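Student: Next input, structure requested:
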Amino acid sequence: MNKILLLLIVVFVAGCKEKFDSPAPKVATGYLVIEGVVDGDGGQTNIRLSRTAGLKDTSKLMEQGAVVLLEDSAGNSYPLYENGIGMYSGNLNLNTSTGYRLKINTQNSETYQSDFVRPRYNPLIDNIQWERDENGVKLFVDTHDDNNNTRYYQWEFKETWEFHSAFSASLKWDPPSGPNGSTLVTVAYRDASDPEISICWQSEASSNILLGSSAKLTQDVIHLPFTEVVTGSQKMSVLYSVLVRQYAWSREGYQFLERMKKNTESVGSVFDAQPSELNGNIHCISNPSLPAIGFFNISRPTEKRIFIKNAELPNWNYNAGCVAVEVVNNPDSIQMNARGTLPMYPTLMTPFGEIAKFKVAAPHCVDCTLTGTNIKPDYWP
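Tutor: Numbering: from 1, shown residues only. Just a heads-up that it's a prediction; the model follows:
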């Protein structure tokens, strides 16, 4: 009986499916997508231009060769220059009492223009807090506006962490290609000219849209969780840092970001929010029927960074899952037992001071540069 009922449900759900035809005009080149916030206080502004693509197209179509500039209400213009594929940058000092608009001329003769907006005040980030629970470490951002004028916020963050290889190495393959090719392979001691492979760093930027609003509160105060690091993660195995960047938005801009968030992060089942039209404040004036995806905002970002040491996290229990194997130092043993590995250190020496046996392990367990960089960030303690 249960099987019959399940079959009927499946048939019913399948029969409810209808083909969805978007009412938006179909454009061969895709819609223009405008991302970024203008920093009007002299910091670097980065505006990224790209094109929408089909659902099956995983590549990002960056918009190159565009002319991008800001115009003020008096007719003055401030150009942004292409700084990488699809990225347009510049350093702007803008008058907070003047309105500005973004203007874009693309290579295919499309002209886009935003509404006029004024630079928005953005309060400082008060604090980045963290707390430990049974699942890991939760991080929170705190901010407030004494004048109760900001109300609408967006955050981005970038995590950076130091990690160490599971095993240190005093040996290397000679030749460097190791035992995967030539049979004339042995080990040699690493020297000072060899790159550091035991201490590395890795970074990861936030990808979801992180929003918070105090519009329904009497005071413009925010305390918001923004990410969590699970217990045992490599991120906090040595030293972890997070840099949080905050932007202030208008109510209309915030609502645009909310729709964007729902469309990109909460669509997948019948219980999720359904896709909605993304009407921003940027328009195609050369073809008014052509949509543009983006919202022009001027807000000087404020930033705050914190560090968390592994010593502050008892029983973190990070485990790389690495195993060491002992190998006899002769060509046959190396070819048979050390393929696809890296050497680490001697375990037995001959009476003549030569290496008789040594330990090997999987490359990622010995060489941290396979998953990170050995270049220390300039802000690292």
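Student: got any ranges where the stretch 201-350 of the chain has weak pLDDT?
Tutor: 266-276 (pLDDT under 70).
Student: residue boundaries of the strands in it?
Tutor: 210-213, 221-230, 239-248, 282-284, 292-293, 302-309, 325-328, 342-349 (DSSP state E, counting those that start in this stretch).
Student: Of those, give the one that comes closest to R151.
Tutor: Nearest to R151, of all the strands of the stretch 201-350 of the chain, is strand 210-213, at 6.1 Å by C-beta to C-beta. Placement of C-beta: from N, CA and C, glycine included.
Student: okay, the strands of the stretch 201-350 of the chain in TSV with mean neighbour count and distance to M260 next?
Tutor: Shown next, in TSV, are these (neighbours: other C-beta atoms under 10 Å; distance: least, C-beta to C-beta, whole Å):
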stretch	mean neighbour count	distance to M260
strand 210-213	18	10
strand 221-230	16	17
strand 239-248	22	14
strand 282-284	19	13
strand 292-293	20	8
strand 302-309	15	22
strand 325-328	15	51
strand 342-349	18	45
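Student: Distance to T186 for these - can I get that in JSON lines?
Tutor: Shown next, in JSON lines, are the strands of the stretch 201-350 of the chain (distance: least, C-beta to C-beta, whole Å):
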{"stretch": "strand 210-213", "distance to T186": "53"}
{"stretch": "strand 221-230", "distance to T186": "42"}
{"stretch": "strand 239-248", "distance to T186": "37"}
{"stretch": "strand 282-284", "distance to T186": "64"}
{"stretch": "strand 292-293", "distance to T186": "59"}
{"stretch": "strand 302-309", "distance to T186": "40"}
{"stretch": "strand 325-328", "distance to T186": "11"}
{"stretch": "strand 342-349", "distance to T186": "10"}
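Student: Out of those strands, which is closest to L139?
Tutor: strand 221-230 (5.3 Å).
Student: Not counting its own residues, what contacts that closest one?
Tutor: 135-144, 153, 155, 157, 159, 206, 210, 212, 214, 235-236, 240, 242, 244 (C-beta atoms under 8 Å, 6 or more residues apart in numbering).
Student: what about the strands in the stretch 1-150 of the chain?
Tutor: Taking DSSP E, counting those that start in this stretch, the strands of the stretch 1-150 of the chain run over residues 32-35, 41-51, 61-62, 67-72, 77-82, 87-93, 100-105, 111-114, 125-132, 136-144.
Student: any chance of these in JSON lines, plus distance to N263?
Tutor: Listed next are those as JSON lines, based on distance: least, C-beta to C-beta, whole Å:
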{"stretch": "strand 32-35", "distance to N263": "12"}
{"stretch": "strand 41-51", "distance to N263": "16"}
{"stretch": "strand 61-62", "distance to N263": "18"}
{"stretch": "strand 67-72", "distance to N263": "25"}
{"stretch": "strand 77-82", "distance to N263": "27"}
{"stretch": "strand 87-93", "distance to N263": "24"}
{"stretch": "strand 100-105", "distance to N263": "22"}
{"stretch": "strand 111-114", "distance to N263": "20"}
{"stretch": "strand 125-132", "distance to N263": "28"}
{"stretch": "strand 136-144", "distance to N263": "24"}
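Student: Please parse the protein into its domains.
Tutor: When the chain is parsed with automatic domain parsing, its domains come out as 27-119+250-296, 166-201+322-370.
Student: circling back to that earlier point, which among the strands of the stretch 201-350 of the chain is found nearest to K261?
Tutor: Ranking the strands of the stretch 201-350 of the chain by proximity to K261 (C-beta to C-beta) places strand 210-213 first, at 6.6 Å.
Student: and that closest one, what does it pack onto?
Tutor: Packing partners of strand 210-213 (3 or more C-beta pairs under 8 Å, 6 or more residues apart in numbering; DSSP states H and E): strand 152-164, strand 221-230, helix 251-265.
Student: Could you list the low-pLDDT ranges of the stretch 51-200 of the chain?
Tutor: Using pLDDT under 70, the stretch 51-200 of the chain drops low at 54-59, 181-183.
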